[in-house]
Structure formats: C-alpha cells, structure tokens
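K.L.:
structure of the sequence below:
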Amino acid sequence: MSADNATVRPPKRARRSPEQDNSPQHGSTSTGALLLTNHEHHPEFWFDDGNIILVTPKHMGFRIFRGLLAAQSTVFADMFASSSPSADETLDGCPVVQVADSHVDLAHLFRVLLPTSPIKWVFHLTVTKLPPLNVFTSYLQAAEPNHERVRSFDEISAVIRLAHKYHIPSIQEQALRALQAYHFTSDFDVYFGPPKNHISLHNIQHIGAVNLARLTDTPLMLPSALYGCCHIGGRLLDGWTREDGTVEHLSTDDIKRCFDAHFLLAREQAPVPSRLCAPVPLDRCTERGRCKLYVTALAGSPSLVEMVMKEDMLTDRSPLIRSLQSNSMCDGCMQVLLEWDRLERKRVWDRLPQIFGIAVDGWAKVDGKDAQS
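P.N.:
Numbers count the residues shown, from 1 in each chain. Model (predicted):
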C-alpha cells in the first residue's frame, strides 16, 4: 500500500491522570464560576455580602455567612476549615463548596439557622447551644402578629435530617420535641385530643416519622408513627415522596411490623360490638333498665357491627356512643359507655410497643409503672 493511500491516524492524546481529571480547569473562567454557570441564586439565601457559596446538585447557589454556620455546626466548621480554596475555587472572592443536599432541604435548615423574617413566640423549648435564642421556636412562627404559622412535615423532616447530618444537636432536639408535642406523643389523651395545627401531617408522612425516629434513635416516637403507618393501606409499599422528589420507604422489618400489627389491632376490635352492653349498669340507669335492653339489642345489629369494624380498636367511638342518647339512652348510661370506651382504647394504646414488637422505655406510664411491664 502506497503512502498516498495509507490512512493517516492522528496522534493519541496523552492519558490524563486522576489528579488532572479532578484539577480545576484553567483559563479565564475559574472553577467557582463554572460551578455557578446555569445555576440559580437562591432567592432567599443569596446575600451580596456573604463570604461562602454552597452549590447543590440541582444547580442552586446559596451565598451565606460561614461564621454563622460554623458557630452552630462542627461539621460545617470542619468542612470550611479543610477546604482552603485556591483562587480557581472562588467566585467574587468567595469560596465555592459543593454539597450533596437538595436545595429544598438546605433552605429549610437555613430558615432556622439564618432567619430572615420577624418572629412571634408561641412556645418555649430549652436551648443548650448557640444561638442564644430559641431558633426553632422562631421557625414555627410567622411574621404576621397574632398569626401562628403552620409548618409542613416536609419542613420539619428536612430540619431534623440536616441537623443530624451536620451535628446541630440543639436544633435536632427542639424539632423532635415539637413533633412529639404535636403528633408523636406517648400521651394517649394528647394524641387523641384536639387537632394540632402548628405542624401539618398527612397519613403517608408517618413513613418519614418512623425513619426520623430510627435515624435519631428516638424510640418514643415509634409506636404512634408505626400506628399511623397502619392506616396507609397499600400505599405503604409505594413510600412517601418528599417535596424534593426523594422517595422514602420503611425498612423491611418495619413494614412487617405494620402488617402484623394491623392484624392484631383488628383482632382487638372484633369483640367490641358484643362487649358494648357489658358496662351498662342497671342500678344507675334512670330509664329503669331500658338502656341495657336497648344496647344489648343494638350490639347484635349488623349496622353497628359494620360501623365498628370499619375502624380499628383505637378509633374514638364517642360520636357513635353519644348518638345513642338521641335514642332514649339516659345520660348516666351514656357516660359509663364513654368511660368504658376510653379505658378499652387506652388499654390497647398502652400495649402498642408490644403489638409492634418493639421496646420503648417510658411508654404509657400508669401509676408510676410502665404499662408494658
């Protein structure tokens, strides 16, 4: 083959070392500028006088104050201390640091650590670490006077997860205590009391609550959180989709716990209609015993059985019981039934850790003793 017909191959490119692949690109544009190319400035947390820029995977930039974060998080402090950026890793003189968190979660954390709006106090929780004010309490409130801000579970979940990741124990503790105070309590009367409006919660988000309890080693949240998961149905297997698109699932063991507990709770519920007439006293009845006859007849009716069996053992049946008064049940007998219903539900509530097969110290204490013992 002649030289004229030979295929002329270009010389091979020199193989780049890993160090070269990871090195900043040189030229007129620095690495920091490249990181922020096609990135958005976060509308709430881009301060012109900020001295560090955090960039998230979905191209959102936060320009904030490193000293404020470092003072509250040892992880942030170590991260900033070890970065020591070169001139090619800065933008407008600010170091540029990439983080793995979603910009949605990060913004929720910064609204606690770096609040940008006026606050109104609602309740007090003890703070043992910087900053001196109760920043999480501030986060639960609105700028408008005399108006309490309702926070979503997504927001609180993000704060807890990132406070755990970045080791901000005071914030993690306050957020967990808020969840326990409003939703995931061991107190039967609080759990089934008036609606809690400070933190909105949907049934599917009980999946996230279980995972938060596991992440932070807060077992006292588990019985009520797992109980909530028992009401999700088949969606339990689909998981909960956070607002940033991440899908959370329960562990296989916790899914098994929910399936087993659902069966056990249904078994507790089965004898309720037939036992409904048992507590009605003849000696206190002002209707000369007619209430007991009425309830006995009602207990065997298919309509009552159907109504009761639609719910589980912990469902409040007081509306159903109060409706009996309109059918000539006396007030004394109705009050006895209401108290019986409460005690039966409380008995099952006290056994929730046993039903879910978990050990929870301090659950449902009665007369100074743990109800599980």
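
K.L.:
can you give me the end-to-end span of stretch 201-212?
P.N.:
This stretch, stretch 201-212, spans 14 Å end to end (Cα to Cα, to the nearest Å).

K.L.:
ignore what I typed, I meant stretch 67-76.
P.N.:
End-to-end distance for stretch 67-76, by Cα to Cα: 9 Å.

K.L.:
what about it, distance to the chain center?
P.N.:
Relative to its chain's centre, stretch 67-76 lies at 24 Å (Cα atoms, centre = their mean, to the nearest Å).

K.L.:
now stretch 163-171
P.N.:
15 Å.

K.L.:
go on, stretch 64-82?
P.N.:
Distance, centroid of stretch 64-82 to centroid of chain: 26 Å (Cα atoms, centre = their mean).

K.L.:
for that stretch, give me every contacting residue.
P.N.:
With contact meaning Cβ atoms under 8 Å, 6 or more residues apart in numbering, stretch 64-82 is reached by 45, 47, 50-54, 95, 97, 110, 113-114, 129-131, 165-168, 171. For the C-beta atoms, the positions are set from N, CA and C on the backbone; glycine is no exception.

K.L.:
one more time with 10 Å, if that's ok
P.N.:
42, 45-47, 49-54, 83, 94-95, 97, 99, 106, 109-110, 112-114, 129-131, 135, 162-163, 165-171 (Cβ atoms under 10 Å, 6 or more residues apart in numbering).

K.L.:
in that stretch, what counts as buried?
P.N.:
Buried residues in stretch 64-82, counted by 16 or more other Cβ atoms under 10 Å: 64, 66, 68, 69, 70, 72, 73, 76, 77, 79, 80.

K.L.:
show the end-to-end separation of it, please.
P.N.:
Start-to-end, stretch 64-82 (Cα to Cα) is 18 Å.

K.L.:
quick one: mean pLDDT over it.
P.N.:
Mean pLDDT, stretch 64-82: 92.

K.L.:
pretty sure residue 315 contacts residue 269?
P.N.:
Yes - assessed by Cβ atoms under 10 Å, residue 315 is found in contact with residue 269 at 8.4 Å.

K.L.:
between these two, who's got more neighbours?
P.N.:
residue 269 (19 against 16; other Cβ atoms under 10 Å).

K.L.:
need phi/psi at that one.
P.N.:
phi -80, psi -30 (degrees, to the nearest 10).

K.L.:
do the same with residue 168
P.N.:
phi -120, psi 80.

K.L.:
surely it touches residue 162?
P.N.:
Yes - assessed by Cβ under 10 Å, residue 168 is found in contact with residue 162 at 7.9 Å.

K.L.:
who touches both of these two?
P.N.:
73, 75, 109, 112, 113.

K.L.:
among the residues you listed, which lie within helices?
P.N.:
75, 109, 112, 113 (DSSP state H).

K.L.:
in JSON lines: the residues you listed, plus distance to residue 157.
P.N.:
Below are these laid out as JSON lines (distance: Cβ to Cβ, whole Å):
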{"residue": "75", "distance to residue 157": "19"}
{"residue": "109", "distance to residue 157": "11"}
{"residue": "112", "distance to residue 157": "13"}
{"residue": "113", "distance to residue 157": "16"}
